[in-house]
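[1] Need a 3D model of the sequence below.
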Amino acid sequence: MAKNNFWERLFPVKWDFNKMLHDQALVTCSGMKSLEKWISSRSKEDYQLVFREADRADGIRFTMENNLVEAFVTPFDRQDIYSLSVEMDRIVEYAKSTLEEMEAFEVFADSVIIKMVEQLYKGTEQLAEAIDLLKGDPIKSQTYIESIREVQLRVEADYRDGMVELFNRGDLMYAMKYREVYHHIKDAAIHLGYTTDILHKVIVRIT
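    Next up is the predicted model:
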């Protein structure tokens, strides 16, 4: 760890990028929880809450990007900080587009959507815990990597099973509408996987 290295003594750390990444991870997790709540309630309040969480995640990301430009010292590679933040932001963006697709196509939550969103919430919760541990205990942070990747694989398996059920119904229009929603949730899981890969690379480098 570079806590007491030459550059850090010469240019004291001005921003806590570990905390900013953790704050963004918590908002990402909260956004997925809000999506999970909305697909059950379909209330206007829960709908708006997903957008507010997405706006908060964007705000943290943009602030972090500005700070990265000015920072002399970062806790680890600034490109990795940037990539972690961008990929994490895309998880919330796909949560938002899932909600928009469900409204536009008048799609209501079936068992596949419910399972996929539950898994995503679980994965983002674990991601937030892993990022929280990154600074103080990176070895323990690593223990979350496998379980987050399992979440991504389960979402992709649910997607495939859901698609088989859809096309077996024989209603093409129904299948196309639900396929759009399934696909957006799967894309959120894919970006959860990308985020996890970058986090793992950081852990390997700093331990």
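[2] In three-state terms, label F51 for me.
    helix (DSSP: H, G, I helix; E, B strand; the rest coil).
[3] Give me the pLDDT for it.
    For F51, the model assigns a pLDDT of 96.
[4] wait, what's in contact with it?
    K96 (C-beta atoms under 8 Å, 6 or more residues apart in numbering). Where you see a C-beta, it was placed from the backbone N, CA and C, and this is true even at glycine.
[5] repeat that for 10 Å
    Shown in contact with F51 (C-beta atoms under 10 Å, 6 or more residues apart in numbering): G31, S34, V92, A95, K96, L99, E100.
[6] what kind of secondary structure is F108 in?
    F108 - assigned by three-state DSSP - is coil.
[7] I'd like to know which elements the helix or strand containing E125 is packed against.
    Using DSSP states H and E, E125 falls within helix 111-133. Counting contacts by 3 or more C-beta pairs under 10 Å, 6 or more residues apart in numbering; DSSP states H and E, helix 111-133 packs against helix 17-41, helix 78-104, helix 138-142, helix 145-168, helix 172-206.
[8] Now that helix: buried residues?
    For helix 111-133, a neighbour-count test (16 or more other C-beta atoms under 10 Å) marks 112-113, 115-133 as buried.
[9] and the angle from that helix to helix 172-206?
    Relative orientation of helix 111-133 versus helix 172-206 (axes from the mean of the first three to the mean of the last three C-alpha atoms, to 10 degrees): 10 degrees.
[10] Could I get the CA-only coordinates of helix 111-133 as CSV?
    Extracted in CSV, the C-alpha atoms of helix 111-133 (Å, rounded to 0.1, in the frame of the first residue of the first chain):
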residue,chain,number,x,y,z
SER,A,111,-41.4,-14.3,-11.7
VAL,A,112,-38.4,-14.0,-14.0
ILE,A,113,-38.2,-10.2,-13.6
ILE,A,114,-38.7,-10.4,-9.8
LYS,A,115,-35.9,-13.0,-9.6
MET,A,116,-33.5,-11.1,-11.8
VAL,A,117,-34.0,-7.8,-9.9
GLU,A,118,-33.7,-9.5,-6.5
GLN,A,119,-30.3,-11.0,-7.6
LEU,A,120,-29.1,-7.6,-8.9
TYR,A,121,-30.0,-6.0,-5.6
LYS,A,122,-28.1,-8.7,-3.8
GLY,A,123,-25.1,-8.3,-6.1
THR,A,124,-24.9,-4.5,-5.7
GLU,A,125,-25.2,-4.9,-1.9
GLN,A,126,-22.2,-7.2,-2.0
LEU,A,127,-20.3,-4.8,-4.3
ALA,A,128,-20.8,-2.0,-1.8
GLU,A,129,-19.5,-4.1,1.0
ALA,A,130,-16.4,-5.2,-1.1
ILE,A,131,-15.6,-1.5,-2.0
ASP,A,132,-16.0,-0.5,1.6
LEU,A,133,-13.3,-3.0,2.6
